[in-house]
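Asker: model this:
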Amino acid sequence: GEDPLAALQPPAPGEDFHGEKFDDAGCCGLASAAECSGVHMRSAKGALPARPAKLNLLANATFLRPKPSGAPLRMSTGEENVAEAVSVPDIPKELPSGAGYDHLPLAQALREQDFQKADQITRDSLIALAGEKARERQYVYWTEVKDIPNEDMATMERLWLLFSDGKFGYTVQKKIWRLQKGDFEQFCRKIGWNTKDGEIERKLKWFGVSEFIYDKEKAPRGHLPLTAALRGTPLLKELLHHPVWDTDFNPDAKEPSK
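Answerer: Have a look, this model is predicted:
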């Protein structure tokens, strides 16, 4: 029968994709295949981190959007005796996983508001959780998304929502996707994945020096986490329609404005 992975194969040389021409490496003309390798959800970590115990999916559902309860962090303004206290939520005591996976590094990065690091950890986690073949090739096929345990998708999502004040996360992106009626270009404009060079509209660059915004105050709603779309939109669509979002998972995020 038809190969279900065919949609993720690199475009043929010269094939037009989202307004860009691809070279012999099957990559956009903006960079070499080596430079673009980081876009394809790759990771230097192939091993699956161990976790002491397997925990229940919604056993800790109450930590979804708690009121800030952590100790205040002091942020220097550069002036003596002047500081602004910022309250940051505590890391939940339980981080459920259906695969014994350790989500503490993601929680720590998000609590520190290091969203660029958290974004990379999220991609690494998806690779580790998607199965042995994904770990071997170091990126995820769209057909493997359904194999990522509900518990782990829910835990990662709750952490993103918790430490971004409900601004970032797959469920946030899913609502925006629905409001844009599944139009990928409109979706990208809405969450800030597009930019303009004069009159030319293009996608933000992910390789080299990233053009994406990792500042919670400056980034548009739904800007993070990032998902590669150089090979098309199936991977993004599958993440936004993971089976866990149809369970009793309730992100309690406000509906974004149109």
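Asker: Tyr141 contacts Ala134, doesn't it?
Answerer: Yes. The pair Tyr141 / Ala134 is scored as a contact, 7.1 Å apart, by CB atoms under 8 Å. Where you see a C-beta, it was placed from the backbone N, CA and C, and this is true even at glycine.
Asker: confidence score at Pro251?
Answerer: In this prediction, Pro251 carries a pLDDT score of 51.
Asker: what does Pro4 give?
Answerer: At Pro4, the model reports a pLDDT of 39.
Asker: so who does Asp119 touch?
Answerer: Counting by CB atoms under 8 Å, 6 or more residues apart in numbering, Asp119 makes contact with Tyr214, Leu224, Pro225, Leu226.
Asker: and it, what element?
Answerer: In the assignment (DSSP states H and E), Asp119 maps to helix 115-129.
Asker: neighbour-wise, which one of the contacts of Asp119 leads?
Answerer: Per-residue neighbour counts (other CB atoms under 10 Å) across the contacts of Asp119 peak at Leu224, which has 27 neighbours.
Asker: on the three-state scheme, the closest residue to it other than its chain neighbours is what?
Answerer: Spatially, and ignoring its direct neighbours in sequence, Leu224 is nearest to Phe168 (4.3 Å; CB to CB, 6 or more residues apart in numbering). Secondary structure, DSSP: H, G, I helix; E, B strand; the rest coil: Phe168 is coil.
Asker: okay, now Phe168: neighbour count?
Answerer: Neighbour count of Phe168, defined by other CB under 10 Å: 26.
Asker: so who does it touch?
Answerer: Phe115, Trp160, Leu161, Lys216, Ala219, Gly222, His223, Leu224, Pro225.
Asker: residues contacting the closest residue to the first one other than its chain neighbours?
Answerer: Think Phe115. With CB to CB, 6+ apart as the criterion, Phe115 has its nearest non-adjacent residue at 4.3 Å, and that residue is Tyr214. Going by CB under 8 Å, 6+ apart, Tyr214 touches Asp114, Phe115, Gln116, Asp119, Leu224.
Asker: where's the nearest residue to Lys216 once chain neighbours are set aside relative to Phe115, distance?
Answerer: Among residues not flanking Lys216 along the chain, Ser164 sits closest, at 5.7 Å (CB to CB, 6+ apart). With the distance defined as CB to CB, to the nearest Å, Ser164 ends up 8 Å from Phe115.
Asker: one more: Ser125?
Answerer: As judged by CB to CB, Ser125 and Phe115 stand 15 Å apart.
Asker: Pro243 too?
Answerer: Using CB to CB, Pro243 is found at 26 Å from Phe115.
Asker: over to the residue lying closest to Val145 once chain neighbours are set aside: give its phi and psi.
Answerer: Distances taken as CB to CB, 6+ apart place Glu238 nearest to Val145, at 3.8 Å, with adjacent residues excluded. The phi and psi values for Glu238, taken as degrees, to the nearest 10, are phi -70, psi -40.
Asker: pretty sure Glu238 sits against Lys146.
Answerer: Yes. Counting by CB under 8 Å, Lys146 is a contact partner of Glu238 at 7.0 Å.
Asker: higher neighbour count, these two?
Answerer: The residue with the greater number of neighbours, taking Glu238 and Lys146 and applying other CB under 10 Å, is Glu238; the counts read 18 against 12.
Asker: return the closest of the contacts of Tyr214 with respect to Gly208.
Answerer: Gln116 (13.8 Å; CB to CB).
Asker: how close does that closest one sit to Glu132?
Answerer: If you measure Gln116 against Glu132 using CB to CB, the figure is 28 Å.
Asker: okay, these two: which has more neighbours?
Answerer: Gln116 (15 against 9).
Asker: next up, the contacts around the more buried one.
Answerer: Ser210, Tyr214.
Asker: just the helices in the stretch 51-200 of the chain please.
Answerer: 104-111, 115-129, 132-137, 150-163, 170-179, 184-191 (DSSP state H, counting those that start in this stretch).
Asker: could you dump the fourth one to CSV, C-alpha only?
Answerer: Read it as helix 150-163. What follows is helix 150-163 as a C-alpha-only set of coordinates in CSV (Å, rounded to 0.1, in the frame of the first residue of the first chain):
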residue,chain,number,x,y,z
ASN,A,150,-0.8,10.7,27.0
GLU,A,151,0.8,11.2,30.5
ASP,A,152,3.9,12.7,29.0
MET,A,153,2.1,15.1,26.6
ALA,A,154,-0.1,16.2,29.4
THR,A,155,2.8,16.8,31.8
MET,A,156,4.8,18.8,29.3
GLU,A,157,1.7,20.8,28.3
ARG,A,158,0.8,21.7,31.9
LEU,A,159,4.4,22.8,32.6
TRP,A,160,4.4,25.1,29.5
LEU,A,161,1.0,26.6,30.6
LEU,A,162,2.0,26.9,34.2
PHE,A,163,5.3,28.8,33.7
